[in-house]
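Enquirer: Quick one: sequence and predicted model below, then my questions.
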Amino acid sequence: MSNSSDSISVNLKETRRFEVPAAFAAEANLKEDEYRRLVEIGKKDPEGYWASVARELKWSRPFTRVLEWEAPFAKWFSDGKLNAAENCLDRHLEKNAEKPALIWEGEPTGEGVTWTYRELHSRVVAMTAALRKLGLKKDDTVAIYMPLVPEGIVAMLACARGGFPHTVVFGGFSAESLKDRMVDAGVKLVLTADFCWRKGGKVALREQVVKSLAPLHSAGLTVKNVVTLKRENAGLAKTPTSVASGPVGKIGSADEYDWYGLVNTVDPKMRETLGAAEAVEAEHPLFILYTSGTTGKPKGIVHSTGGYLAGSMRSTRDVFDLKAKDVYWCTADIGWITGHSYVVYGPLALGASVFLYEGAPTTPGLDRFWEMIAKHKISVLYTAPTAIRAFMKLGNEWPAKHDLSSLRVLGTVGEPINPEAWMWYREKIGGGKCPIVDTYWQTETGSIVVSPLAGVTATKPGSATLPLPGYDIDVLDRDGKSVPLGSGGRLVIKKPWPSMARTIHGDPERFKKTYFSDFAGGIYFTGDGARRDEDGYVWCLGRVDDVLNVSGHRLGTMEIESALVSHPKVAESAVVGRPDEIKGQGIVVFVSLKSEFANAIAKDPVAAKALKDELRRHVAQEIGAFARPDDVRFAAGLPKTRSGKIMRRLLRELATHGEVKGDTTTLEDLNVIASLQAGDEE
């Protein structure tokens, strides 16, 4: 283990290893010998490998060119034409028209609907026709600001069908954030809803759209139309009301239409013609998705159609061992890349049955997740480590109330998972029988790049294991040299891949500087630290920006968090640094305790101080004395987005300045920050 400036200190104590159950491997789509063959092809002939993957798609005009690479800008399959919605819907109609495509539950109990592939196709065709009737043409960009309801999927696929790039804006973003994204993308039309449900309350969406449109004129952008779904009509579980065929009013200078009223204005005889799929070039932008980053204006990540679809489809099939009979649930919102790749495009391209849930995981009861899994016989579950740790904190009794035997594959996404949460997920949710696929990827990669394959890869708690076939992954020191096994460094991708981002919208120089300037030769730097163990398995350590430099020791925050959560009293933790005149950076940890221990120290300062000292010793024992936290703060909860990610940026502000002044619009619960600011410091 090295503590030089080129390496990241790593803890190699985790030694547990779980082989794929023999019965599971025997039934897997991808067998180990075929996997080994694909890995070798991917190494020797990556272009040939990806060409074979892309040919599994439906092409209107087959491609003859595979890769054109002028670092850092790639073109894949550029002379081919296809349509993403056609690949997700039309090609399944011959054999699977009556198969469930979307199974949806709203947050209010008893509200739900199932749409077959035939019905989803019909609704997408109708909406594409309606959008064209409003004057949209190929290359016009559409903003989608909607709840996680079936119509949100219709919105995305209708845009894809018409050749209209979409930018989905997460419903938790403020009007100002929505406005910034619309201006940057040059949006022509907005698809939204009047509200969504969250934790039993109504979150106003249309109201934010109204606020966002007001300043657009001064920004030089004119949005001509807004289409609003009445949330009570979501999924058309009952007869829709108020479906006026013409504009229902004005929002600024934009005409506003009722969603189903607009659809009904299209002559049924003309729907197929107006709703026909537009064959677009493989490099045609499918969507722009904004990722905030830590500084500067949001980055509009542009993804292509052909390459993106090839990557998301293949990874969905191989990573999750997805089968025709599976009911698949990825818990992400469509406002994030996970919702794009693994709620919509990847699973639907494979003809899967996709489950959707609109609301909070603990509404109206703490067992809502597990109740829905049992009710719908969900077999593949893909969720975030923060959600898993939150469920751990609630207690084992809630999943134990329900029959979870339908589950056969479990997945994690969004950030590294600590071994203790991994083991709880395996034992309490998977019953010790389900392979866990701990996936590593980013908005910029478009699809999963490092992960176990459910039917092939032996797993280790906390490791994303091995690169998928076709990806050239490495861990480098600052000089661009591969670090030896057992060491940490910077996680990179050395060769282009089809689902990679094409650029930052309107700012190609920023794209080059942000992702391709750290190393020469067109190497993509993920921004994350990682280590490879003696088996070559990848262990992700989080953002290099989050690596702490403590008295010359470079420590990954994820490693310290993992050490804390290994303590039997800790449910969840977040680690940040603050300036320290002597050590460079001090270590501040925010700890959420399991409920029985939290109650015990709530009114006992002596017990609280004793536990803080105990946690400091525990971290020092697990990692080393140099990792001992300077400040331990107990918190009833940690600040998270509605997608489950801990907002460490806010905790850094709190640790450094004693208050939070940054943007908190995407927080799930604003009271968390208020309670943390009110808490006592040592």
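Expert: Structure received.

Enquirer: contacts and neighbour counts: CA atoms only from here.
Expert: Fine.

Enquirer: Now Arg531. Nearest residue, chain neighbours left out?
Expert: Spatial nearest neighbour of Arg531, excluding adjacent residues (Cα to Cα, 6 or more residues apart in numbering): Gly488 at 4.0 Å.

Enquirer: so that neighbour touches Asp533, yeah?
Expert: No. With contacts counted by Cα atoms under 8 Å, Gly488 stays clear of Asp533, the gap being 9.1 Å.

Enquirer: So between these two, which is more surrounded?
Expert: With neighbours defined as other Cα atoms under 10 Å, Gly488 and Asp533 compare such that Gly488 has more, 32 against 18.

Enquirer: Phi and psi next, for that one.
Expert: phi -110, psi 160 (degrees, to the nearest 10).

Enquirer: Need the pLDDT of it.
Expert: What the model reports as pLDDT for Gly488 is 89.

Enquirer: just Ser482 next, same as before
Expert: pLDDT, read off for Ser482, is 96.

Enquirer: Pull the number of nearby residues for it.
Expert: For Ser482, using other Cα under 10 Å, the count is 16.

Enquirer: same thing with Ile582?
Expert: Ile582: 9 neighbours (other Cα under 10 Å).

Enquirer: Using the three-state scheme, assign it.
Expert: coil (DSSP: H, G, I helix; E, B strand; the rest coil).

Enquirer: tell me the phi and psi of it?
Expert: Backbone torsions of Ile582, given as degrees, to the nearest 10, read phi -90, psi -50.

Enquirer: What's the per-residue pLDDT of it here?
Expert: Taking Ile582 on its own, its pLDDT is 71.

Enquirer: ok, now Gly624?
Expert: 73.

Enquirer: Please apply the same query to Glu653.
Expert: pLDDT, read off for Glu653, is 83.

Enquirer: I'd like to know how many residues surround it.
Expert: By other Cα under 10 Å, neighbour count at Glu653 equals 17.

Enquirer: Distance of Lys44 relative to Glu34?
Expert: 15 Å (Cα to Cα, to the nearest Å).

Enquirer: quick one: Ile39 is in a helix?
Expert: Actually, residue 39 is Val rather than Ile. Yes. Assigned with three-state DSSP, Val39 falls within a helix.

Enquirer: what residues are up against it?
Expert: Leu468, Pro469, Gly470 (Cα atoms under 8 Å, 6 or more residues apart in numbering).

Enquirer: Compare the residues you listed and tell me which has the most neighbours.
Expert: Ranking these using other Cα under 10 Å puts Gly470 first, with 25 neighbours.

Enquirer: Which of the three states applies to it?
Expert: Gly470 ends up coil, using three-state DSSP.

Enquirer: Which strand or helix spans Lys250?
Expert: Element membership for Lys250, per DSSP states H and E: strand 249-251.

Enquirer: Sheet partners, orientation included, of that strand?
Expert: strand 254-258 (antiparallel) (DSSP bridges).

Enquirer: what's next to the partner strand, contact-wise?
Expert: In contact with strand 254-258 (Cα under 8 Å, 6+ apart) are residues 223-230, 242-250.

Enquirer: Just the mean pLDDT for the helix or strand following it, thanks.
Expert: Elements were assigned by DSSP H and E; along the chain past strand 254-258, the next helix or strand is helix 259-264. Helix 259-264 carries an average pLDDT of 92.

Enquirer: Can you name every helix or strand that helix 259-264 contacts?
Expert: helix 117-133, strand 225-229 (3 or more Cα pairs under 8 Å, 6 or more residues apart in numbering; DSSP states H and E).

Enquirer: Tabulate those in CSV, adding columns for mean pLDDT.
Expert: Shown next, in CSV, are the helices and strands packed on helix 259-264 (pLDDT from 0 to 100):
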stretch, mean pLDDT
helix 117-133, 97
strand 225-229, 97
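
Enquirer: closest to Glu272 out of these?
Expert: Smallest distance to Glu272 across these (Cα to Cα): 6.8 Å, for helix 117-133.

Enquirer: tell me the angle of the closest one relative to strand 225-229?
Expert: Comparing the axes of helix 117-133 and strand 225-229 via axes from the mean of the first three to the mean of the last three Cα atoms, to 10 degrees yields an angle of 150 degrees.

Enquirer: Please shift the residue numbers so they start at 11 in all later answers.
Expert: With 11 as the first residue, the last one maps to helix 127-143.

Enquirer: got the contact list for whichever strand or helix holds Asp190?
Expert: Using DSSP H and E, Asp190 sits in helix 185-195. Helix 185-195 is touched from outside by 151, 153, 177, 179, 218-219, 221-223, 225-226, 229, 231, 298, 300, 308, 310, 515-516, with contacts defined as Cα under 8 Å, 6+ apart.

Enquirer: Toward the C-terminus from it, list the very next helix or strand.
Expert: Using DSSP H and E, the first helix or strand after helix 185-195 is strand 197-203.

Enquirer: Can you tell me what sits against that next one?
Expert: 146, 150-157, 165, 215-216, 219, 231-241.

Enquirer: strand partners of it, parallel vs antiparallel please.
Expert: According to DSSP bridges, strand 197-203 has these partners: strand 151-155 (parallel), strand 235-239 (parallel).
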